[in-house]
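J.: The following block contains a protein sequence and its predicted model.
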Amino acid sequence: MKLSEKKNKHLRIYEQLVEGILQGHYESGKRLPSDADLAKQYGVSRPTVAKAVLELEKKGMVERRGGAGTFVRNSRVGKTSKLGLLMTRLQLTPPDYGDFVSLYSTVVSQMAVAASDSGYVLLMNELPFGDENELVSRAWEICRQLIDMQVKGVFFMPLEVSGENAAINRRIAEAFDAAGIAVTLLDRDIDAPPSRSRFDIVGVNNEQGMFELTSHLIRKGCRRINFASGKVTVSSVFDRIGGYEKALRHHGITPEASRIRRFEILPFTERQAEAERTAVRHLLENMDADALICVNDRTAALVIKYAPEFGIRIPDDVKVAGFDDEAFCAYLPTPLTTMRQPSRIIGAEAVRTMLSRIQAPGMPARNVLVMPELVVRQSCGNHTTA
């Protein structure tokens with residue numbers, strides 16, 4: 001975990017330095033700030049900065065001059081060698097369970113490495129959590145910046161926003177497309193099923209993964225299985241619900257609409273303990289279920305955290321499962337059964353898909369779906385962890 005965290009930090013600094021060079025903040029022929037100054041600026045150790053600068057040196061963007069410092073070379077990174085990233089979730093951490101690198105940070109780290117290996121630079125941007133209008137405004141601002149920077153392609157994870165703001169995803173994707181910029185969607189489509197946009201999508205096979213997870217609980221003897229989902233439903237969530245219902249039917253159980261419990265998910269992205277507790281209480285009250293599948297691991301983590309306050313024992317009273325296999329899942333008070341997203345494979349496939357799209361822009365849209373892996377832990381009654 002520590003090694004991944006360090007790798008994540010130096011890659012982030014590397015990408016920010018690259019962006020600074022591309023935007024002219026660090027001018028060609030001029031000296032970069034010292035490692036000590038950069039370490040202070042980014043709040044990291046000097047060895048971490050040194051690793052980031054070494055990456056710049058390997059790519060021919062800077063050169064070290066003995067006794068003089070590190071200088072920016074005439075950049076060989078032209079306008080066609082930049083790729084953009086527009087997504088949230090990079091900094092999400094689970095509630096009260098330590099400082100873990102998130103799933104999507106690992107995906108993006110792999111994307112940065114794969115892009116670099118192919119002669120491209122990945123420019124990363126962070127979107128704010130909290131006010132939805134601020135999120136939408138910032139996303140559009142970044143969209144315009146990436147267009148102005150003449151990036152060759154953009155990896156875009158559609159925003160999870162409510163109905164009145166839902167048009168922002170199509171607006172962003174079509175703005176890139178109109179500017180001649182290739183678009184690869186991450187995790188989900190900009191359209192809800194059964195519609196399908198004309199952009200490539202790279203992610204995990206949500207439907208099949210949820211089919212496998214639900215089937216596992218049924219094999220454990222569960223027949224009354226609830227599904228916990230946020231009120232904002234994106235295509236990946238539609239697919240997970242579809243896989244859940246498909247598994248029920250496959251095993252002779254009729255899906256019941258009342259077992260899909262929707263709730264306000266905002267407390268899981270902003271730390272509001274009382275709102276979290278209330279959301280979980282509403283989720284669990286009058287549940288009449290022997291298992292609860294949560295749309296993601298963060299939701300499941302909060303269920304595990306607060307269930308004892310309401311007299312519910314996991315897994316004795318209700319089995320709980322999540323989806324994603326975030327790094328904290330094995331360290332919860334009751335380790336979580338979940339579906340593991342192969343994050344590094346997803347990152348590599350995203351870059352491969354983007355590069356092929358750049359080379360052949362007229363190809364039909366593709367779904368590149370990676371199979372997740374069932375990870376069985378104690379939250380569903382298993383006494384061993386994985």
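T.: Yep, that arrived.

J.: Could you export stretch 291-302 as CSV, CA atoms only?
T.: The C-alpha trace of stretch 291-302 is given here as CSV (Å, rounded to 0.1, in the frame of the first residue of the first chain):
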residue,chain,number,x,y,z
ALA,A,291,-28.5,-9.8,2.2
LEU,A,292,-27.7,-6.3,1.1
ILE,A,293,-25.6,-5.6,-2.1
CYS,A,294,-24.3,-2.0,-2.2
VAL,A,295,-23.6,-0.2,-5.4
ASN,A,296,-20.0,0.4,-4.3
ASP,A,297,-17.6,-0.2,-1.5
ARG,A,298,-17.9,3.2,0.1
THR,A,299,-21.6,2.6,0.6
ALA,A,300,-21.0,-0.8,2.1
ALA,A,301,-18.3,0.6,4.4
LEU,A,302,-20.8,3.0,5.9
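
J.: List the buried residues of stretch 9-21.
T.: Of the residues in stretch 9-21, Lys9, His10, Leu11, Arg12, Ile13, Tyr14, Glu15, Gln16, Leu17, Val18, Glu19, Ile21 count as buried by neighbour count, 16 or more other Cβ atoms under 10 Å. Using the backbone N, CA and C atoms, a C-beta is placed for each residue, glycine as well.

J.: and the least confident of these?
T.: Of all these, Glu19 carries the smallest pLDDT score, 72.

J.: May I have the phi/psi pair for Val121?
T.: For Val121, the backbone dihedrals (degrees, to the nearest 10) come out as phi -110, psi 130.

J.: For it, grab the count of nearby residues.
T.: 22 (other Cβ atoms under 10 Å).

J.: quick one on the thing from earlier: closest one of the buried residues of stretch 9-21 to Val49?
T.: Nearest to Val49 out of the buried residues of stretch 9-21 is Ile13 (Cβ to Cβ; 6.3 Å).

J.: ok, and the helix or strand in the protein with the lowest average confidence?
T.: helix 2-22 (a mean of 66; mean pLDDT, DSSP states H and E).

J.: Can you give the distance of the helix or strand just after it from its chain's centre?
T.: For helix 2-22, the following helix or strand on the C-terminal side (DSSP states H and E) is helix 35-42. Centre-to-centre, helix 35-42 and its host chain are 28 Å apart (Cα atoms, centre = their mean, to the nearest Å).

J.: repeat for stretch 184-191
T.: Here stretch 184-191 is found 12 Å from its chain centre; the criterion is Cα atoms, centre = their mean.

J.: List the contacts of it.
T.: Outside stretch 184-191, the residues that touch it by Cβ atoms under 8 Å, 6 or more residues apart in numbering are 87, 107, 153-158, 169-170, 173, 195-197, 199-204, 234-237, 350, 353-354, 357.

J.: ok, now stretch 165-177?
T.: By Cβ under 8 Å, 6+ apart, stretch 165-177 touches 86, 132-133, 136, 139-140, 143-144, 146-147, 154, 156, 158-159, 161, 182-183, 185, 190-191, 197, 199.

J.: which of these count as buried?
T.: Using 16+ other Cβ under 10 Å, the buried members of the contacts of stretch 165-177 are 86, 132, 136, 139, 143, 146-147, 154, 156, 158-159, 161, 182-183, 185, 190-191, 197, 199.

J.: So which of those residues are in helices?
T.: When these are checked against helices (DSSP state H), the matches are Glu132, Val136, Ala139, Cys143, Leu146, Ile147.

J.: can I see the domain layout of this protein?
T.: Domain assignment for the chain by automatic domain parsing gives 1-77, 206-341+374-380.

J.: tell me the most buried of those?
T.: Neighbour counts (mean count of other Cβ atoms under 10 Å) averaged over each of the domains of the chain peak at domain 206-341+374-380, with a mean of 19.
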